[in-house]
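A.B. asks: what follows is a predicted structure for the sequence shown.
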Amino acid sequence: MGTVTMSQIAPMNIHYVLYPLDYFLDKLVSLGLQAVELWGGSPHVPIEDLKLSDVSRLRRGIEARGLAIACFTPETCVYPINLAAEDEALCRRSIAYALKSLDIASELGTGLMQIVAGRGYYDKPTDDAWKRSRDAIELIARKAETLRIRLTMEPLLYHESNLVHNLHTAQRMMQEIGSPHLGCNVDTVPMVVAGDSLEAYFTELGERVNHIHLCDGSPQGHVPLGSGNLPLASFLKELGERGYQGYIGLETCGAKHYLEPDRHLEQSIDTIRRALGLQGPEGRKP
């Protein structure tokens with residue numbers, strides 16, 4: 001039986017958008033954390049405008065703080081990015097965005113980048129959108145192989161993607177593409193909403209589960225850990241028992257969390273530490 005360690009915990013900067021990236025990185029250091037899941041979105045990492053020299057400076061700043069980049073996660077839900085888009089110009093732009101994101105991930109020195117399948121129109125059969133998504137991810141996976149970067153594909157909530165939104169559709173997409181560099185990122189909110197489980201993901205995909213987003217909700221939400229009703233301590237216990245050694249990203253979304261990001265991040269970290277037996281019920285170390 002293994003145990004999840006705090007060195008695996010990698011908060012994402014997505015709910016620090018009203019603050020400089022350096023502010024967020026310094027906060028991680030002050031909390032004694034060792035890894036970051038770097039969200040690629042403006043104003044922190046504006047992918048389409050970024051030069052590789054900018055990326056080099058960014059990497060130096062992160063490494064100077066003793067932090068590892070667990071995963072590079074380009075913004076794809078808020079921006080007009082959709083690998084399955086019916087509009088040819090948007091589809092081409094989305095593929096170019098993903099390919100540049102791989103270059104950035106390589107320059108950052110991380111071996112993992114998140115990808116999502118996109119979506120088709122909800123009033124049409126998904127066959128054509130599925131093919132566009134599959135062909136795009138296959139192309140991106142080939143470049144990932146040349147850069148020796150693993151992709152981690154996240155099943156989203158159904159209203160975010162009508163293509164890959166549960167274990168079954170993730171498994172089908174991975175099988176059709178067949179790239180050893182394409183794995184799966186299990187976000188606990190879509191997982192619970194879809195009626196799936198960590199047990200099912202690990203049983204079906206095994207080591208191809210190469211990233212985790214530990215998120216809380218009711219069951220939806222992506223709220224600070226401890227604010228929802230998901231069994232976070234049970235998730236952490238199961239990950240430890242399964243010997244999962246990858247990173248565990250923390251993703252808090254929603255504008256209401258942007259004004260006090262420190263408080264929400266501290267709550268999430270305290271929730272994890274208590275679940276791991278590293279703090280008492282009032283936040284004190286035992």
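C.D. replies: Yep, that arrived. Just so it is clear, the structure is predicted and the values come from calculations on it, not from any experiment.

A.B. asks: confidence score at the closest residue to Leu214 other than its chain neighbours?
C.D. replies: Setting aside the residues directly before and after it, Leu214 is nearest to Ile248 in space (CB to CB, 6 or more residues apart in numbering), at 5.0 Å. Where C-beta positions appear, they are placed from N, C-alpha and C, glycine not excepted. Here, the pLDDT recorded for Ile248 equals 98.

A.B. asks: Gly283 now?
C.D. replies: 49.

A.B. asks: equivalent analysis for Lys256, please.
C.D. replies: Reported pLDDT for Lys256: 88.

A.B. asks: any idea how far Ile248 is from it?
C.D. replies: Going from Lys256 to Ile248 by CB to CB, to the nearest Å gives 24 Å.

A.B. asks: which one's more surrounded, those two?
C.D. replies: Ile248 (24 against 10; other CB atoms under 10 Å).

A.B. asks: go ahead and confirm the more buried one touches Ala10.
C.D. replies: Yes: the pair Ile248 / Ala10 is scored as a contact, 6.5 Å apart, by CB atoms under 8 Å.

A.B. asks: re the thing from before, so what's the residue nearest to Leu214 bridging to?
C.D. replies: Beta-bridge partners for Ile248, by DSSP bridges, are Ile9, Ile212.

A.B. asks: quick one: contacts for it?
C.D. replies: Going by CB atoms under 8 Å, 6 or more residues apart in numbering, Ile248 touches 4, 8-10, 212-214, 239.

A.B. asks: can you add pLDDT and give those residues back as JSON lines?
C.D. replies: Putting the contacts of Ile248 into JSON lines (pLDDT from 0 to 100) gives the following:
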{"residue": "Val4", "pLDDT": "96"}
{"residue": "Gln8", "pLDDT": "98"}
{"residue": "Ile9", "pLDDT": "98"}
{"residue": "Ala10", "pLDDT": "98"}
{"residue": "Ile212", "pLDDT": "98"}
{"residue": "His213", "pLDDT": "98"}
{"residue": "Leu214", "pLDDT": "98"}
{"residue": "Leu239", "pLDDT": "98"}
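
A.B. asks: which of the residues you listed sits closest to Leu90?
C.D. replies: Leu90 has its nearest neighbour among the contacts of Ile248 in His213, at 25.9 Å by CB to CB.

A.B. asks: any idea how many residues pack against the nearest residue to the closest one once chain neighbours are set aside?
C.D. replies: Leaving aside its chain neighbours, His213 sits nearest to Asp187 (3.9 Å; criterion: CB to CB, 6+ apart). Close neighbours of Asp187, defined as other CB under 10 Å, add up to 22.

A.B. asks: mind listing the strands for the protein?
C.D. replies: 9-11, 35-40, 68-74, 112-115, 150-153, 182-187, 209-213, 216-217, 221-223, 248-250 (DSSP state E).

A.B. asks: can I get these in JSON lines including distance to Ser197?
C.D. replies: Converted to JSON lines, the strands of the chain look like this (distance: least, CB to CB, whole Å):
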{"stretch": "strand 9-11", "distance to Ser197": "21"}
{"stretch": "strand 35-40", "distance to Ser197": "23"}
{"stretch": "strand 68-74", "distance to Ser197": "22"}
{"stretch": "strand 112-115", "distance to Ser197": "21"}
{"stretch": "strand 150-153", "distance to Ser197": "18"}
{"stretch": "strand 182-187", "distance to Ser197": "10"}
{"stretch": "strand 209-213", "distance to Ser197": "12"}
{"stretch": "strand 216-217", "distance to Ser197": "15"}
{"stretch": "strand 221-223", "distance to Ser197": "19"}
{"stretch": "strand 248-250", "distance to Ser197": "17"}
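
A.B. asks: mean pLDDT for these: which is lowest?
C.D. replies: Of all these, strand 221-223 has the smallest average pLDDT, which comes to a mean of 92.

A.B. asks: what strands line up against it, and which way round?
C.D. replies: Using DSSP bridges, strand 221-223 pairs in its sheet with strand 216-217 (antiparallel).

A.B. asks: next, the contact list for Asn162, please.
C.D. replies: Asn162 is in contact with 119-120, 122, 126, 129, counting by CB under 8 Å, 6+ apart.
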